[in-house]
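Asker: generate a structure from the sequence data that follows.
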Amino acid sequence: MAKATLTIEEHESKPNPRIVFLESETDEIFIEAEIGNGDAGGHQLFDGTKKIHSGALMPKISLGLAGALQDKTYKVVHNVVKLMGPRAIVTTKFTNQDGVQLNEDTEDKGKYSSDGFARFKGEYLFKLKMLLCLLGVTSALWAQGTVELKDLETPASPGLILLDKTPESIAKPSTPQGVSASLLGMLSNGGGALEFAPYWLFDHPKLTAKKILENNQDYVWRHISVSGATLKGNDTTRVSAGLRARLFEHRNKDSIATATDLLKTINSLAAEDLDGNSEKIAELRTRYLNILEHPIFSIDFAAAITGITNNQSFDDVLLSRWGVWVNFNRYVSEKNSFTGMIRYLGNEILDGYQESVKLGDVGVRYNYEVEKFTLGLEYIQRFNLTVDSKPDFRLAAIGKYKIFDNVFLSATFGKNFSEVNNIIALGGLNFGFATSAVKK
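Answerer: Down below sits the predicted model:
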């Protein structure tokens with residue numbers, strides 16, 4: 001029985017061939033290539049039909065003297081395995097022994113297949129610059145790519161959490177990767193949120209998967225997300241803005257070593273035969289991402305502010321509530337994790353509360369994940385820090401189901417804060433618009 005392969009998005013470099021301008025016949029010529037946006041993969045180099053290299057092209061490798069390369073055409077194939085980026089991006093450079101760059105077209109960009117693979121093919125023609133000047137040859141050079149946004153779930157927007165109207169009040173940790181839309185109102189008043197991660201709206205050609213493992217300090221920037229939310233009541237509309245960021249994350253040495261080995265194997269298999277090894281690569285990728293996206297311990301910060309209006313006009317929006325909070329995430333196993341939360345709220349105008357009161361929340365959430373299901377149980381104790389009153393609490397069970405790769409259904413039942421109208425019966429849909437979560 002023939003071995004099944006996953007789909008690969010094919011791209012051809014433009015222009016094809018590209019010109020590599022040689023300075024002198026005595027120069028030694030090198031090639032180097034990097035896969036950016038935190039992705040993995042490998043490279044193949046052909047002299048005509050003969051494969052002369054398969055594997056990494058960083059650090060650079062020598063192709064020989066310029067005189068021997070004159071008028072020859074080399075074919076370069078880049079096999080990219082999606083791990084993190086919004087799209088595939090590869091940088092290819094030809095240099096001489098002095099580090100002088102000889103080619104002008106360096107980047108290839110393009111979308112992945114639905115299975116998270118992309119392949120770039122291009123030819124490079126070597127020409128002595130002096131001869132080109134004599135012949136009056138010029139080159140029109142360009143490269144292009146498009147961003148496709150899909151396949152992502154992000155946690156509840158901080159703006160909606162601030163209103164106590166979300167399916168989850170303690171957000172499960174995740175890695176924001178683009179744009180996400182959440183809709184509430186299946187079982188309650190209508191509302192929704194739009195959240196995006198600025199970091200992944202741009203390409204990062206120098207961000208390799210290896211750099212993420214070796215020096216993961218940029219997790220702060222990669223986890224920043226900005227959101228806006230709205231919730232419509234019978235006579236009022238509330239609008240919110242929120243910010244989320246990661247302050248700290250930690251992985252143990254064993255998990256880093258395992259991820260490094262997995263990455264090396266993925267790169268090797270991709271360079272060897274992406275078509276024939278795609279199923280194995282997809283399996284290893286799932287294991288790698290599970291380590292990368294689930295640090296043993298992490299700390300997340302969020303802040304939000306919300307206003308209220310009675311006439312649907314931004315000019316008449318009044319400050320309603322603001323808040324800041326910190327989540328402490330402990331990843332126990334592939335199926336089990338815990339999140340602790342500390343939150344400080346300032347009430348100005350909010351139903352069920354006196355004006356200008358300060359509130360403190362302390363809570364914990366347990367998460368159980370299996371295949372397409374996520375089950376959670378959260379408890380939050382609320383304290384009024386302004387007036388002496390009986391502490392309030394929220395107790396809720398949360399369920400999420402992955403309908404498609406980019407659509408998640410959520411439902412929550414339980415007791416909300418306040419003494420009246422405190423039954424939680426919320427449902428919602430989360431739509432992802434970024435290419436972060438590959439099929440598993």
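Asker: how about the strands of the stretch 151-300 of the chain, start to end?
Answerer: Using DSSP state E, counting those that start in this stretch, the strands found in the stretch 151-300 of the chain span residues 179-184, 191-196, 225-232, 237-250, 297-309.
Asker: so who does the residue lying closest to Lys280 once chain neighbours are set aside touch?
Answerer: In this structure, Lys280 finds its nearest non-sequential neighbour in Leu269, 6.1 Å apart by CB to CB, 6 or more residues apart in numbering. The way it works is simple: take the backbone N, C-alpha and C, and place the C-beta from them, glycine included. Residues near Leu269 by CB atoms under 8 Å, 6 or more residues apart in numbering: 42, 277, 280-281, 284.
Asker: can you list the domains in the protein?
Answerer: What automatic domain parsing lists as the domains of the chain is 9-135, 158-251+295-432.
Asker: nearest to Asp261, out of these?
Answerer: In terms of CB to CB, the element of these nearest to Asp261 is domain 158-251+295-432, at 10.6 Å.
Asker: state the mean pLDDT of that closest one.
Answerer: Averaging the model's pLDDT scores along domain 158-251+295-432 yields 82.
Asker: ok, Gly38 touching Val80?
Answerer: No - taking contacts as CB atoms under 8 Å, Gly38 lies outside contact range of Val80: 11.2 Å.
Asker: comparing those two, which residue is more hemmed in?
Answerer: Val80 (31 against 21; other CB atoms under 10 Å).
Asker: so which of the domains of the chain is nearest Asp273?
Answerer: From the domains of the chain, taking CB to CB, the stretch that ends up closest is domain 9-135, at 8.8 Å.
Asker: off-centre distance for the closest one?
Answerer: Counting by CA atoms, centre = their mean, to the nearest Å, domain 9-135 is centred 27 Å from the centre of its parent chain.
Asker: ditto for stretch 395-413
Answerer: Taking CA atoms, centre = their mean, one finds the center of stretch 395-413 at 20 Å from the center of the full chain.
Asker: buried residues in that stretch?
Answerer: Across stretch 395-413, burial judged by 16 or more other CB atoms under 10 Å covers 396, 398, 400, 402, 405-406, 408, 410-412.
Asker: and these, which two are the farthest apart?
Answerer: Ala396 and Asp405 (26.7 Å).
Asker: ok, longest helix in this protein?
Answerer: The helix that spans the most residues within the chain, counting by DSSP state H, is helix 253-292.
Asker: check the burial of Ser333 by counting its neighbours.
Answerer: Count around Ser333 with other CB under 10 Å applied: 8.
Asker: against Ile296, how distant is it?
Answerer: 11 Å (CB to CB, to the nearest Å).
Asker: before we move on, what about Arg285?
Answerer: Arg285 is 21 Å from Ile296, by CB to CB.
Asker: by neighbour count, which of the contacts of Leu269 wins?
Answerer: Going by other CB under 10 Å, Ile281 tops these with 27 neighbours.
Asker: what's the pLDDT at it?
Answerer: So, for Ile281, pLDDT stands at 97.
Asker: mind putting the buried residues of stretch 395-413 in TSV, distance to Thr95 and secondary structure included?
Answerer: Listed next are the buried residues of stretch 395-413 as TSV, based on distance: CB to CB, whole Å; DSSP: H, G, I helix; E, B strand; the rest coil:
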residue	distance to Thr95	secondary structure
Ala396	59	strand
Ile398	54	strand
Lys400	50	strand
Lys402	46	strand
Asp405	40	coil
Asn406	41	coil
Phe408	46	strand
Ser410	52	strand
Ala411	57	strand
Thr412	57	strand
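Asker: a markdown table for those residues, including distance to Asn421?
Answerer: Shown next, in a markdown table, are those (distance: CB to CB, whole Å):
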| residue | distance to Asn421 |
| --- | --- |
| Ala396 | 15 |
| Ile398 | 20 |
| Lys400 | 25 |
| Lys402 | 31 |
| Asp405 | 37 |
| Asn406 | 34 |
| Phe408 | 27 |
| Ser410 | 21 |
| Ala411 | 19 |
| Thr412 | 15 |
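Asker: closest to Asn430 among these?
Answerer: Using CB to CB, those come closest to Asn430 at Phe408, 4.3 Å.
Asker: the closest one pairs with what?
Answerer: Lys402, Asn430 (DSSP bridges).
Asker: equivalent analysis for the one 4 residues further on, please.
Answerer: The residues listed as beta-bridge partners of Thr412 by DSSP bridges are Ile398, Leu426.
Asker: look up how far Trp200 lies from Trp221.
Answerer: Distance from Trp221 to Trp200, by CB to CB: 10 Å.
Asker: so between the two, which is more surrounded?
Answerer: Trp200 (29 against 14).
Asker: the more buried one and Pro158: what is the separation?
Answerer: Counting by CB to CB, the gap from Trp200 to Pro158 is 18 Å.
Asker: what does His11 give?
Answerer: Applying CB to CB to His11 and Pro158 gives a distance of 38 Å.
Asker: between those two, which one's more packed in?
Answerer: Regarding His11 and Pro158, a neighbour count based on other CB under 10 Å identifies Pro158 as having more, with 29 against 20.
Asker: that one contacts Phe301, doesn't it?
Answerer: No - counting by CB under 8 Å, Pro158 stays clear of Phe301, with 9.9 Å between them.
Asker: quick one: common contacting residues for these two?
Answerer: Arg244.
Asker: element containing the spatially closest residue to Asn336 that is not a sequence neighbour, please.
Answerer: Of all residues not flanking Asn336 in the chain, Tyr368 sits nearest, at 6.1 Å (CB to CB, 6+ apart). Per DSSP states H and E: Tyr368 is located in strand 357-370.
Asker: number of residues surrounding Asn421?
Answerer: Quick note: Asn421 (other CB under 10 Å) scores 8 neighbours.
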